[in-house]
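Student: Please find the sequence and the predicted model below.
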Amino acid sequence: MEIPRLSGKEAEILRLLTTNGEMYGLEMVTASQELKRGTVYVTLMRMAEKGFVESREEESPPPNRPPRKLFRATGQGVRVYRAMEAASRVYGGGVAWQT
C-alpha cells in the first residue's frame with residue numbers, strides 16, 4: 001500500500017478546510033499567505049482526483065454570475081492531513097511536506 005503524500009499547498013488547503021469547513025477557492029487564497037490565485041484551482045482539481053476534496057456548486061448564485069464551487073475535505077483528506085500533522089509533531093517538525 002502506498003502512503004499518501006501531501007504537497008505544502010495541499011496541506012495548507014486541507015488545514016483551511018478542516019478548520020473552516022466548506023470554502024470557495026478564492027476564500028482560501030485570501031485566508032492564506034501560502035496559496036496563490038493562479039494555482040489554487042489546479043491544486044484543488046488534483047486533490048479531487050486523489051479523493052482528498054470534493055466540491056459542489058453554490059445553490060443560489062448572484063444574478064448574472066455563474067455558480068461558484070464550494071470545496072470541502074473528504075474523510076480521506078482529513079485522515080491524511082491529520083496523520084501528516086501528527087507525524088510532524090512526533091518528529092519535531094522534521095517531517096517535510098512534499099513540495
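Tutor: Right, received. Where do you want to start?

Student: hey, where'd the strands end up in this protein?
Tutor: 23-24, 53-57, 69-73 (DSSP state E).

Student: Any stretches of this structure with poor pLDDT?
Tutor: Residues of the chain meeting the criterion pLDDT under 70: 1-3, 92-99.

Student: one more time with 80
Tutor: In the predicted model of the chain, residues 1-5, 61-62, 87-99 satisfy pLDDT under 80.

Student: tell me the centre residue of it?
Tutor: For the chain, I13 is the residue whose C-alpha lies nearest the centre (CA atoms, centre = their mean; 2.8 Å).

Student: For it, list the residues it contacts.
Tutor: By CB atoms under 8 Å, 6 or more residues apart in numbering, the contact list for I13 reads 28, 35, 40, 43-44, 47, 53, 71. For the C-beta atoms, the positions are set from N, CA and C on the backbone; glycine is no exception.

Student: and these, which two are the farthest apart?
Tutor: L35 and V53 (13.4 Å; CB to CB).

Student: Can I get the lengthiest helix in the chain in CSV, CA atoms only?
Tutor: Among the segments of the chain that qualify as a helix by DSSP state H, the longest is helix 75-90. Only the C-alpha atoms of helix 75-90 are listed here, as CSV (Å, rounded to 0.1, in the frame of the first residue of the first chain):
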residue,chain,number,x,y,z
GLY,A,75,-12.9,11.9,5.2
GLN,A,76,-9.8,10.6,3.4
GLY,A,77,-8.4,14.1,3.1
VAL,A,78,-8.9,14.8,6.8
ARG,A,79,-7.3,11.5,7.8
VAL,A,80,-4.2,12.0,5.5
TYR,A,81,-3.8,15.6,6.8
ARG,A,82,-4.1,14.6,10.5
ALA,A,83,-1.7,11.8,10.0
MET,A,84,0.9,14.1,8.4
GLU,A,85,0.3,16.7,11.1
ALA,A,86,0.7,14.1,13.9
ALA,A,87,3.9,12.8,12.3
SER,A,88,5.2,16.3,12.1
ARG,A,89,4.6,16.8,15.8
VAL,A,90,6.2,13.5,16.8
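
Student: buried set for it?
Tutor: Residues of helix 75-90 classed as buried by neighbour count (16 or more other CB atoms under 10 Å): 77, 80-81, 84-85.
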